[in-house]
Each structure stands twice: as C-alpha cells, then as structure tokens.
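In: Fold the following.
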Amino acid sequence: MIACLELARYTNNPAKEHWFALVRVLRYLKHTVEYGLQYTRYPSVIEGFSDANWIFDSLESKSTSGYIFTLGGGAISWKSSKQTCIARSTMESEFIALDKAEEEAEWL
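Out: Numbers count the residues shown, from 1 in each chain. Sure thing, here's the model as predicted:
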C-alpha cells in the first residue's frame, strides 16, 4: 500500500523513476494474481489494527496513518492516507489514526 500511496503523489507530474516504480508494482501484481484471501470459519471475530507514522516525509508536515480490519484472518476493510490535520507529536498522530479506525469499526 505504501508504494501506491507514494506513486499517487506524483500522478500530475511523474518523472522517469516514478514510471519505473509503477512498472515494478504492476509486475508484482501480475505475478501475484493467483494469490487470494482465505477466510477461516473460526474464529469469526473482527480484529482491527491502526498505525501512524509521524511526519514520514520531511517535505510535508502531515503524518501518514492507516488501519486494517480482519475477519477470520482475511482483510475486510483497510485504508492508508495522509492525515488531514498536522499532528504535533507521535502520540497525537497515533490518536488521530485510532480515531479514524474507530469510525470505520462503528460502521462495520
């Protein structure tokens, strides 16, 4: 997901290195098309995880956060994005990520 997030930042003005990275992602997808998600019957419990990276890119002042929810070992919902506000610490960035994950958990 991180590769796609980074490539998405350069869609308006991609350089040669971005095209090479895109080809690499597409090659990976081509060779993993037979892979799948396996949902086991037990335990049928939804598990959720969230994480944040405080100011990953020094050129931007926004943190990256994401979450994933699984059911029976397979992913059912996930998201990775830049935070909409500026976090002043790692802990604040983690709380923002947790808040977004909680919003999704309520919907699930």
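In: can you list the domains in this structure?
Out: In the domain annotation for the chain, the residue ranges read 1-35, 38-108 (automatic domain parsing).
In: so what's the spatially most central residue of the chain closest to, chain neighbours aside?
Out: Central residue of the chain (C-alpha atoms, centre = their mean): residue 80, 2.8 Å from the mean position. Nearest in space to residue 80, with sequence neighbours left out and distances taken as C-beta to C-beta, 6 or more residues apart in numbering, is residue 66 at 3.6 Å. Where you see a C-beta, it was placed from the backbone N, CA and C, and this is true even at glycine.
In: Now do the host helix or strand of residue 99: distance to the chain's middle.
Out: Secondary structure assignment for residue 99, by DSSP states H and E: helix 90-107. The chain centroid and the centroid of helix 90-107 are separated by 13 Å under C-alpha atoms, centre = their mean, to the nearest Å.
In: Stretch 76-85 too?
Out: When distances are taken as C-alpha atoms, centre = their mean, stretch 76-85 is centred 6 Å away from the chain's centroid.
In: Show residues contacting it.
Out: 1-2, 5, 46, 52, 60, 62-70, 93, 96-97, 100, 104, 108 (C-beta atoms under 8 Å, 6 or more residues apart in numbering).
In: where does this protein have low pLDDT?
Out: Applying pLDDT under 70 to the predicted model, the residue ranges of the chain that meet it are 1, 37, 40-42, 56-58.
In: what do you get if the cut-off is 80, keeping everything else the same?
Out: Applying pLDDT under 80 to the chain flags residues 1-12, 36-44, 55-60, 72-73.
In: Strands of that one, start to end?
Out: Assignment of strands within the chain using DSSP state E yields the ranges 46-53, 64-71, 74-82.
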